[in-house]
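>>> got a predicted structure plus its sequence, pasted below:
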Amino acid sequence: MFSTREKYFELSNKVPYETKVTSTSDVELKGAFRSDFIYQGLAKGVLKFSYREFQDGIARPAFTQDLTYDIEPDGTATIGFKGMRIKVLKASNQSITYMVEKGMNL
C-alpha cells in the first residue's frame, strides 16, 4: 500500500522488504566522527570528566583524555575544553546541572 493524504492505493507489484528495529546509536556512517564529553562524578571538590573521539564507530585511543576541574566552595565551576565553555550550576557524585555557554571547536 502507498499512503498519500490518508488515501491508500494498491501497488501493482509486491515489493519485498524486511523490517529491523535499530537505534541511531547502532548506525555509524562511513567516515563519521563523534566526540563524547562524559561526566564521571565529583570527589573531594574535583569534577571528573572523560573526553573521547570516535572515527567510524571505533574509539581513537590517542584521543581519549581524563580531565579534572576544581569546584568552587559554592558548588559552581566554569569548565573550558577545546573551545567549549560550560558553567556548572551544581554537581554531586551522581548528577550535574550545567549550562553550555559555548560549543566545542572540532
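That came through fine. Numbering: from 1, shown residues only.
>>> residue 86: how many residues sit nearby?
23 (other C-beta atoms under 10 Å). Any C-beta I mention is one placed from the backbone N, CA and C, and that applies to glycine too.
>>> for it, what are its contacts?
78, 79, 80, 98, 99, 100, 101 (C-beta atoms under 8 Å, 6 or more residues apart in numbering).
>>> quick check: phi and psi on the closest residue to it other than its chain neighbours?
Spatial nearest neighbour of residue 86, excluding adjacent residues (C-beta to C-beta, 6 or more residues apart in numbering): residue 79 at 4.4 Å. Residue 79 adopts backbone torsions of phi -110, psi 130, taken as degrees, to the nearest 10.
>>> tell me which element the nearest residue to residue 66 once chain neighbours are set aside is part of?
Nearest non-adjacent residue to residue 66, counting by C-beta to C-beta, 6+ apart: residue 50, 5.4 Å away. Assigned by DSSP states H and E, residue 50 falls within strand 46-55.
>>> likewise residue 101?
Using DSSP H and E, residue 101 falls in strand 96-102.
>>> try residue 13
Using DSSP H and E, residue 13 is not contained in any helix or strand.
>>> now do residue 89
strand 84-91.
>>> that strand: partners in the sheet, and parallel or antiparallel?
When sheet partners are counted by DSSP bridges, strand 84-91 sits next to strand 77-81 (antiparallel), strand 96-102 (antiparallel).
>>> relative to residue 58, which of those is closest?
Smallest distance to residue 58 across the strands paired with strand 84-91 (C-beta to C-beta): 22.1 Å, for strand 77-81.
>>> mind checking how far stretch 81-92 is from the chain centre?
Between the centre of stretch 81-92 and the centre of its chain there are 15 Å (C-alpha atoms, centre = their mean, to the nearest Å).
>>> hang on, the earlier thing: ok, and the most crowded of the contacts of residue 86?
residue 79 (18 neighbours).
>>> next, the contact list for that one, please.
Applying C-beta under 8 Å, 6+ apart, we find residue 79 in contact with 47, 49, 69, 85, 86, 87, 88.
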